[in-house]
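> fold the following, please.
(one chain, ligands or ions: 1)
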Amino acid sequence: MHVPGHKQGRGSDTIAADLIAQYLYKMDLTEIPGLDDLQKPSECIAKTEEEAARLFGADRSFLLVNGSTVGVEAAIMATCRPGSKIAIPAAVHRSVIAGLALSGAEPVFVDTPVSHRYLIPLGVSPADVERSLSAETGISAVLVTNPSYYGVCQDLEAIARVCHDRDAVLIVDEAHGSHLSFSSSLPAAGLEAGADIVVQSTHKTLGAMTQAALLHVKGDRVDHERIASFLRMLQTSSPSYVLMASLDSVIHRFSMEGRELVACAVQNANEVRESLGSMAGVDVLSAGDIGPMFALDPTRLTISAADRGVLGLELQERLRIRGFQVEFSDLLNSIAVITYSDAAADLQRFCSAVRHAVAESPVDASIAEGLCEKIRPLVAGAAVEERRFALTIREAVFTGRRLVNLDESVGEISAESVCPYPPGIPVLLPGQRITRPIVDLVKTLLRAGLVFHGMNVDKGSYSLAIVDGDS
Ligand SMILES: Cc1ncc(COP(=O)(O)O)c(C=O)c1O
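Numbering: from 1, shown residues only. The predicted structure follows:
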């Protein structure tokens, strides 16, 4: 129930999969005559990029060999300059923070409503984007993640209108949504809805190999050559032809039968939703839980058995021993991704595994409630409210740093992103002033057992990287 979407080759076009398997080393070539050059495509790579643009409805598409990560970074660099502002939601992938450090752009945070039941951030509304654009002058771009990690989709059409009315470019991080264009029963894809730049991890929900991704540009608000130039700067000069061949085969296959393949995934996912929804003690995030402002991608299942005291990581472990690996788990939920590669029989086995995993001895549900109480303020935006920058993200990452004990960090400037998982909302970003409420929140979350990225642990003592102007 995990990406990559080809699910270990089960769903691959058999001819392409056989060719790749058989000729793996023979295909691992470099820029020799006849094989074009990703840095300046004019032959076979240009043809694949044109086919991708036709398939997804872009004016220009770029093949990426370093995932959506490099696409998001290049998109931010091409649309923001040092000192520009970009509106982003509270929870973003780390490539967005890297894009801010590389470009020198400064973030403006758009309010993000949350689901208190599942303890997850939802998405941004057109009204909240409009509020950010009116409150701050000079925002040159808005970036939204669509779908979110939990499959929540936003009203991109309305968001695009709001952005364009204010001369801001809309970038959609569609890492989890390359399949959206292939079904009218799914929420709208970014390009359909009017986004200017869309970045897709084609490896996640279509069948390309891990790292193979696409960046699309539409309209004339973005200079295509600036994107090309930043991609040349950020991507390897030795791109893998195996990865590009896998992307080429996916683009070709989805041009021929993408709608049928995705229709099958949607139907299977809806059947799994129905089956899980009928089980005692199992909740599956559904349209009714997220309100009319948002839509749900049915192929991502946020499954919670927290009411029986089975928390996300516990459910994940119980499913692993029954032969199923979920995409990821947070405090309350486990997330399963269904793609065109999943066979109906395997999905029935998955439902049965969930039934047995949840029926196994329940855990004390009050433990879950206690943890929820602790994490609720974070999900509800406590960390975002405390965000005050003493330096830009770029200044902070390019200045010297040293480690200090967590308790001694109050008043200092963070040199790192410090992010608890779940729910992946950073409590500190580089350049942010560290305050007492932030340190207290971090300590509460550590006591609740959350794992932090960006914090150093040595023999049970926690320290943070702070900016050290002297080094
Ligand atoms: C929302 C989001 N954006 C971007 C990325 C980066 O994608 P990739 O792994 O293709 O570099 C991820 C990866 O998980 C993601 O979840």
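
> can you give me the neighbour number for residue 228?
19 (other C-beta atoms under 10 Å). (Each C-beta comes from the backbone N, C-alpha and C, glycine too.)

> is it in a helix, a strand, or coil?
helix (DSSP: H, G, I helix; E, B strand; the rest coil).

> list the contacts of the closest residue to the ligand within the chain.
In the chain, the residue found nearest to the ligand is residue 67; the distance is 2.3 Å by C-beta to the nearest ligand atom. Listed by C-beta atoms under 8 Å, 6 or more residues apart in numbering, the contact set of residue 67 reads 175, 201, 203, 210-211, 213.

> dump those residues into JSON lines; add neighbour count as well.
What follows is these, written out as JSON lines (neighbours: other C-beta atoms under 10 Å):
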{"residue": "175", "neighbour count": "26"}
{"residue": "201", "neighbour count": "27"}
{"residue": "203", "neighbour count": "26"}
{"residue": "210", "neighbour count": "14"}
{"residue": "211", "neighbour count": "21"}
{"residue": "213", "neighbour count": "28"}
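
> just the ones of these in helices?
Mapping those onto helices (DSSP state H) picks out residue 203.

> nearest residue to residue 293 other than its sequence neighbours?
residue 125 (5.2 Å; C-beta to C-beta, 6 or more residues apart in numbering).

> right, I mislabeled it, should have said residue 12
With C-beta to C-beta, 6+ apart as the criterion, residue 12 has its nearest non-adjacent residue at 4.9 Å, and that residue is residue 6.

> verify the stated contact: the one you found with residue 342.
No - counting by C-beta atoms under 8 Å, residue 6 does not reach residue 342; the two are 10.7 Å apart.

> shaky segments in this structure?
Within the chain, the stretches with pLDDT under 70 are 14, 362-368, 374-375, 377-383, 421-424, 470-471.

> what parts of it come near the ligand?
Contacts of the chain with the ligand, taken as C-beta under 6 Å from any ligand atom, map to 67-69, 72, 93, 95, 145, 173, 175, 201, 213.

> hmm, 5 Å instead?
67-69, 93, 145, 173, 175, 201, 213 (C-beta under 5 Å from any ligand atom).

> same list, the residues you listed, but as TSV with distance to residue 357 please.
Formatted as TSV, those follow (distance: C-beta to C-beta, whole Å):
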residue	distance to residue 357
67	31
68	31
69	33
93	29
145	29
173	32
175	28
201	28
213	33
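
> among the residues you listed, name the ones in strands.
Of these, the ones assigned to strands by DSSP state E are 145, 173, 213.

> quick one: residues in contact with stretch 429-442.
Counting by C-beta under 8 Å, 6+ apart, 97, 101, 107, 377-378, 382-383, 386-393, 395-397, 406-407, 409-418, 420, 427-428, 452, 455, 462, 464, 466-467 sit against stretch 429-442.

> export that stretch to CSV, keeping only CA atoms.
Provided in CSV are the C-alpha atoms of stretch 429-442 (Å, rounded to 0.1, in the frame of the first residue of the first chain):
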residue,chain,number,x,y,z
LEU,A,429,12.4,27.3,10.4
PRO,A,430,15.9,28.6,9.7
GLY,A,431,16.0,32.3,10.7
GLN,A,432,13.2,32.1,13.2
ARG,A,433,13.6,33.5,16.7
ILE,A,434,13.3,30.7,19.3
THR,A,435,10.8,31.6,22.0
ARG,A,436,9.8,30.1,25.3
PRO,A,437,6.4,28.9,24.1
ILE,A,438,8.2,27.0,21.2
VAL,A,439,10.6,25.3,23.5
ASP,A,440,7.8,24.3,25.8
LEU,A,441,5.8,23.0,22.9
VAL,A,442,8.8,21.0,21.7
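
> how far is it from where the chain is centred?
Offset of stretch 429-442 from its chain centre (C-alpha atoms, centre = their mean, to the nearest Å): 24 Å.

> what residues does stretch 239-254 touch?
Residues from elsewhere that reach stretch 239-254 (C-beta under 8 Å, 6+ apart): 12-13, 16, 20, 24, 27-30, 35, 38, 45, 48, 51-52, 55, 63, 65, 182, 202, 206-209, 211-214, 261.

> of those residues, buried ones?
12-13, 16, 20, 27, 38, 45, 48, 51-52, 55, 63, 65, 182, 202, 206-209, 211-214, 261 (16 or more other C-beta atoms under 10 Å).

> what's the longest helix in the protein?
Scanning the chain for the helix with the most residues, using DSSP H, yields helix 241-277.

> quick one: buried residues of that one?
241-251, 253-254, 258, 261-266, 268-269, 272-273, 275-276.

> equivalent analysis for stretch 308-321, please.
Residues of stretch 308-321 classed as buried: 308-316, 318-319 (neighbour count, 16+ other C-beta under 10 Å).

> and those residues, which two are furthest apart?
Across the buried residues of stretch 308-321, no pair lies farther apart than 309 and 319, at 16.1 Å, counting by C-beta to C-beta.

> outline the domain layout of the chain.
As assigned by automatic domain parsing, the chain contains the domains 14-256, 257-364, 381-467.

> where along the stretch 251-400 of the chain do the helices fall?
Residue ranges of the helices in the stretch 251-400 of the chain, as given by DSSP state H, counting those that start in this stretch, are 287-290, 312-320, 344-359, 365-379, 382-385, 393-397.

> out of those, which comes closest to residue 136?
helix 382-385 (15.0 Å).

> roughly how far does the residue nearest to residue 12 sit from residue 52?
The gap separating residue 6 from residue 52 is 17 Å, by C-beta to C-beta, to the nearest Å.

> over to residue 178?
Taken as C-beta to C-beta, the span from residue 178 to residue 52 is 10 Å.

> which neighbours do those two share?
With C-beta under 8 Å, 6+ apart, residue 178 and residue 52 have common neighbours residue 214.

> before we move on, the earlier item: for the residue nearest to residue 12, grab the count of nearby residues.
By other C-beta under 10 Å, 22 other residues sit near residue 6.

> make 23 the starting number, not 1.
Yep, numbering from 23; the last one is residue 28 now.

> which strand or helix spans it?
Element membership for residue 28 (DSSP states H and E) is empty, with no helix or strand holding it.

> what's the answer for residue 425, then?
Judged by DSSP H and E, residue 425 forms part of strand 423-427.

> end-to-end on stretch 211-226?
End-to-end distance for stretch 211-226: 15 Å, by C-alpha to C-alpha, to the nearest Å.

> just how off-centre is that stretch within its chain?
Centroid separation for stretch 211-226 versus its chain: 12 Å, with C-alpha atoms, centre = their mean.
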